[in-house]
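Enquirer: coords below, sequence missing:
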DNA sequence: AGCGTAACTGAACGCGCGTTCATATCCAAG
DNA sequence: CTTGGATATGAACGCGCGTTCAGTTACGCT
């Protein structure tokens, strides 16, 4: 047997990425075999190599894609004026975006050490870019005297860590909607950096 | 060759745990082989099985040990009265304890999915116990009207996520001492839950 | 001095890994 | 209807995995 009925590059490619995303998130990159991914897609392991050069590139592609999505979505937010409005928007955006793709988030935080040094550097740079957006907001607020933080850089990382933590406990069937979660976190962030 | 000079159970046992801790933290449980661990200790792979039943038990033992240490150290803190004092003490303790053993922290957060279901349940329960200590503090403060949080459970997880995040960026040679870091985080936590 | 056992070696077990490749089939274009 | 490239198979490659175990050595004890 060889090529099967109804097979198309446009279908199999995304399916590989989707299956890999789910499996990597669940079991970890190192614990997932190419045969498992192929099995999920419904092809043999060898077929994967029509779409990706190797396993490492697959991981990098998923993480790079996630970070690109993150930054692109971030760019599209409305341009607000006051630091308070900008911070509130950042909180809302970060929570909504991350709750929307928990698997990609999980991978992007957990599998950094499985990236080759060059790939790691690239992802790290993108993450830094994202962090800088929040840092700029906090810095602006501090300059205007509406925020008061002992250390802007640490505050940036602290806020992001706090917000990202939402993915570890949030369940869609839980008692809180995304909007409610955003409100609860905004309340804490607002106060934490308040003057 | 067989038993080597100066070999002792009391020495090799801890050395295995120590080597496994470092390697698991650096490369991930699934990516580290028993032969790597043995190599680090200076023995053959087979010798490891005089000390541990299998690889899974080694991981569990490390994580269980870490959680036990955490809870034991937590118990030993002075009994303070006001919620503010208790919260400040919790922040200081959490940061100091976690910065003191970054590898164990890393493993305990990252390798949960590599635990067998029964082992996972045990670690999860210990983590819950720890979280409950903070939640009790926040709840007491809320009852007394000195804290004001929209949702105590979420606030608990948010604070812990924020504090634990310190391990991702703190470097011993960095510009801030542990004491300074504690102060910066305390400032944010205090305000975040303030009435 | 010699014995028993704790501590370790080194080889072996079956297995699954990531990756490659010759081969086969399907589909679209001429 | 033919043909050529895209798409997949399935077998194979060498290798390292976790684990077991018979055998060997060093040490503590009498």
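Expert: That came through, no problem. Predicted model only: the values in this text are computed from it and were never measured.
Enquirer: what strand or helix carries the spatially most central residue of chain A?
Expert: Central residue of chain A (C-alpha atoms, centre = their mean): residue A:105, 3.7 Å from the mean position. Assigned by DSSP states H and E, residue A:105 belongs to helix A:102-110.
Enquirer: that helix - contacts with which helices or strands?
Expert: Using 3 or more C-beta pairs under 8 Å, 6 or more residues apart in numbering or on different chains; DSSP states H and E, the elements in contact with helix A:102-110 are helix A:9-27, helix A:55-75, helix A:166-169. For the C-beta atoms, the positions are set from N, CA and C on the backbone; glycine is no exception.
Enquirer: between these, which gets nearest to DNA strand D?
Expert: Closest approach to DNA strand D among the helices and strands packed on helix A:102-110 (C-beta to the nearest atom of the strand): helix A:9-27, 2.8 Å.
Enquirer: immediately after that closest one, which helix or strand?
Expert: Taking DSSP H and E, what comes next after helix A:9-27 is helix A:34-41.
Enquirer: quick check: angle from that following helix to helix A:9-27?
Expert: 120 degrees (axes from the mean of the first three to the mean of the last three C-alpha atoms, to 10 degrees).
Enquirer: so is helix A:34-41 next to DNA strand C?
Expert: Yes - with C-beta under 7 Å from any atom of the strand as the criterion, DNA strand C is reached by helix A:34-41 at A:34-36.
Enquirer: which among the residues you listed count as buried?
Expert: For those, a burial check counting by 16 or more other C-beta atoms under 10 Å in any protein chain shown picks out residue A:34.
Enquirer: give me the domain ranges for chain A.
Expert: A:1-52, A:55-192 (automatic domain parsing).
Enquirer: pick the most buried one from those.
Expert: Ranked by mean neighbour count, the domains of chain A are led by domain A:55-192 with a mean of 17 (mean count of other C-beta atoms under 10 Å in any protein chain shown).
Enquirer: can you tell me which residues contact the nearest residue to residue A:114 once chain neighbours are set aside?
Expert: Spatially, and ignoring its direct neighbours in sequence, residue A:114 is nearest to residue A:29 (4.6 Å; C-beta to C-beta, 6 or more residues apart in numbering or on different chains). Neighbouring residues of residue A:29 by C-beta atoms under 8 Å, 6 or more residues apart in numbering or on different chains: A:55, A:59, A:107, A:111, A:114, B:28.
Enquirer: could you find the closest non-adjacent residue to the second one?
Expert: With sequence-adjacent residues excluded and distances taken as C-beta to C-beta, 6+ apart, residue A:59 is closest to residue A:29, at 5.5 Å.
Enquirer: where in chain A is the helix or strand with the lowest mean pLDDT?
Expert: helix A:9-27 (a mean of 94; mean pLDDT, DSSP states H and E).
Enquirer: hmm, that one in reach of chain B?
Expert: Yes - on the criterion C-beta under 8 Å from any C-beta of the partner chain, helix A:9-27 is in touch with chain B at A:26-27.
Enquirer: what packs against that helix?
Expert: Where contact means 3+ C-beta pairs under 8 Å, 6+ apart, helix A:9-27 is packed against helix A:34-41, helix A:55-75, helix A:102-110.
Enquirer: ok so, going back, pLDDT and distance to DNA strand C added to the contacts of residue A:29, as TSV?
Expert: Below are the contacts of residue A:29 laid out as TSV (pLDDT from 0 to 100; distance: C-beta to the nearest atom of the strand, whole Å):
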residue	pLDDT	distance to DNA strand C
A:55	98	4
A:59	98	10
A:107	98	15
A:111	98	13
A:114	98	11
B:28	98	13
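Enquirer: restrict the residues you listed to those near DNA strand D?
Expert: Checking the contacts of residue A:29 against DNA strand D (C-beta under 7 Å from any atom of the strand), there are no matches.
Enquirer: let me know the closest of those to residue B:80.
Expert: The nearest member of the contacts of residue A:29 to residue B:80, counting by C-beta to C-beta, is residue B:28 at 38.8 Å.
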